[in-house]
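S.K.: Show me the folded form of this:
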Amino acid sequence: MKITVIGTGYVGLVTGTCFSEMGNKVYCIDIDINKVESLKKGIIPIYEPGLEELVIRNYENGDLSFTDELKEGLDNSDICFIAVGTPMGEDGSADLQYVLSAAQEIGQKMSHDMIVVNKSTVPVGTAEKVKNTIINELKKRNVNYDVHVVSNPEFLKEGSAVTDFMRPDRVVIGSDDEEVINVMKELYAPFTTNHERFITMDVCSAEMTKYAANAMLATRISFMNEIANICERVGADINHVREGIGSDNRIGYSFLYAGCGYGGSCFPKDVNALIKTAEDYGYEPRILKETESVNNEQKYSLVNKIINRFGNDLSGCTFAVWGLSFKPGTDDMR
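M.R.: Down below sits the predicted model:
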């Protein structure tokens, strides 16, 4: 297939590169011309195991292209992925300016029917906003093309994103159009021979699935940090407790490590965005708010331990920190 991916950040670059590895013709679009030129030279803006080799190989064989000209990609594609950033706004909601700007430009430059796929993490209702934005631009041009907007959230873990994409544990597709769903299934078919891994649903549910997944994982982290704080006070060992509860197959071991709180590029903003969405619809998300509150307090845990050990006056002390990225196998300092 021929695909355009708007955005060469973490999600966009991994998505476009992995699709090209399966023989698709992929145009990766970015407004940053310096970034585009660097990618053409094989200079990757992020560190992700295995990604650099895939980018270089597929760029050299012609399956992967980098450009700042969206029209070039749209003219030669049937599917366009939006994979731009959705940073946290001042009120905690997801800032959709980059998503809607991409939608506006699609409407201004598309030249035939198109499937537009939201790969960015976006709140419920964004697909409708994207579609309306595109249609409004088409009306200004006095042209009429069919536009189908699909929600296809990403579930990539930094440090294993290429593996996650190439061997996904699930592919969520949100659409109410059977033909569009079949096209998406065909696109993802090379990544799994087990079609039970394809989960189709309505668009709103697909948009919510990504936030719900991240909120659940963040909640597990905050829960374990709270248990760890209790363990310290009663004399229990949180590592033994983790082993004891993780062996229950209803719970499992993932995201049960106590520490100084969750960070990275997704959990903080996505938990906040889900809280804001709930409040906008008149619901008080008590568990999510406590998840965030515990996490904010946990950031002071290490500081308090240092003060308790060395006193309030830390002048003249030197401290070493072993490891700076937010997780192994990445260079992400967020």
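S.K.: who's in contact with Val294?
M.R.: Val294 is in contact with Ser222, Phe223, Asn225, Glu226, counting by Cβ atoms under 8 Å, 6 or more residues apart in numbering. Heads up, the C-betas are built off the backbone N, CA and C, glycines and all.
S.K.: quick one, helices of the stretch 151-300 of the chain?
M.R.: Using DSSP state H, counting those that start in this stretch, the helices of the stretch 151-300 of the chain run over residues 161-166, 178-188, 203-234, 238-246, 267-280, 286-298.
S.K.: quick one: the third one to helix 267-280, angle?
M.R.: Read it as helix 203-234. With axes from the mean of the first three to the mean of the last three Cα atoms, to 10 degrees defining the directions, helix 203-234 sits at 120 degrees from helix 267-280.
S.K.: Give me the angle between helix 203-234 and helix 238-246.
M.R.: Angle, helix 203-234 to helix 238-246, by the same axes, to 10 degrees: 140 degrees.
S.K.: Now do the same for helix 203-234: mean pLDDT, whole number.
M.R.: For helix 203-234, mean pLDDT is 95.
S.K.: Outline the domain layout of this structure.
M.R.: 2-201, 210-310 (automatic domain parsing).
S.K.: ok but Val150 is inside a strand, no?
M.R.: Yes: counting by DSSP: H, G, I helix; E, B strand; the rest coil, Val150 falls inside a strand.
S.K.: I'd like the distance between it and Ser175.
M.R.: For Val150, the distance to Ser175 (Cβ to Cβ, to the nearest Å) stands at 5 Å.
S.K.: Now the common contact residues for those two.
M.R.: Residues touching both Val150 and Ser175 by Cβ under 8 Å, 6+ apart: Met184, Val203.
S.K.: re earlier: can you say which of the domains of the chain is nearest to Asp331?
M.R.: domain 2-201 (4.1 Å; Cβ to Cβ).
S.K.: Dump the helices of the stretch 151-300 of the chain to a markdown table, plus distance to Ala103.
M.R.: Below are those laid out as a markdown table (distance: least, Cβ to Cβ, whole Å):
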| stretch | distance to Ala103 |
| --- | --- |
| helix 161-166 | 24 |
| helix 178-188 | 17 |
| helix 203-234 | 14 |
| helix 238-246 | 43 |
| helix 267-280 | 19 |
| helix 286-298 | 28 |
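S.K.: quick check, distance from stretch 196-215 to the centre of its chain.
M.R.: Centroid separation between stretch 196-215 and its chain, computed with Cα atoms, centre = their mean, to the nearest Å, is 13 Å.
S.K.: Need the CA coordinates for that stretch. PDB is fine.
M.R.: Taking Å, rounded to 0.1, in the frame of the first residue of the first chain, the C-alpha atoms of stretch 196-215 are listed here in PDB:
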ATOM      1  CA  GLU A 196      -7.900 -12.300  16.900                       C
ATOM      2  CA  ARG A 197      -5.400  -9.700  17.700                       C
ATOM      3  CA  PHE A 198      -7.400  -7.200  15.700                       C
ATOM      4  CA  ILE A 199     -10.000  -5.500  17.900                       C
ATOM      5  CA  THR A 200     -12.500  -3.400  16.000                       C
ATOM      6  CA  MET A 201     -14.900  -1.000  17.800                       C
ATOM      7  CA  ASP A 202     -16.500   2.300  17.400                       C
ATOM      8  CA  VAL A 203     -14.300   5.400  17.100                       C
ATOM      9  CA  CYS A 204     -15.100   6.800  20.500                       C
ATOM     10  CA  SER A 205     -14.200   3.500  22.200                       C
ATOM     11  CA  ALA A 206     -10.900   3.300  20.400                       C
ATOM     12  CA  GLU A 207     -10.000   6.800  21.400                       C
ATOM     13  CA  MET A 208     -10.800   6.000  25.000                       C
ATOM     14  CA  THR A 209      -8.900   2.700  25.000                       C
ATOM     15  CA  LYS A 210      -5.500   4.400  24.800                       C
ATOM     16  CA  TYR A 211      -6.200   6.700  27.700                       C
ATOM     17  CA  ALA A 212      -7.700   3.800  29.800                       C
ATOM     18  CA  ALA A 213      -4.700   1.600  29.200                       C
ATOM     19  CA  ASN A 214      -2.200   4.300  30.300                       C
ATOM     20  CA  ALA A 215      -4.300   5.300  33.200                       C
END
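S.K.: Before I go, just wanted to say thanks for your time.
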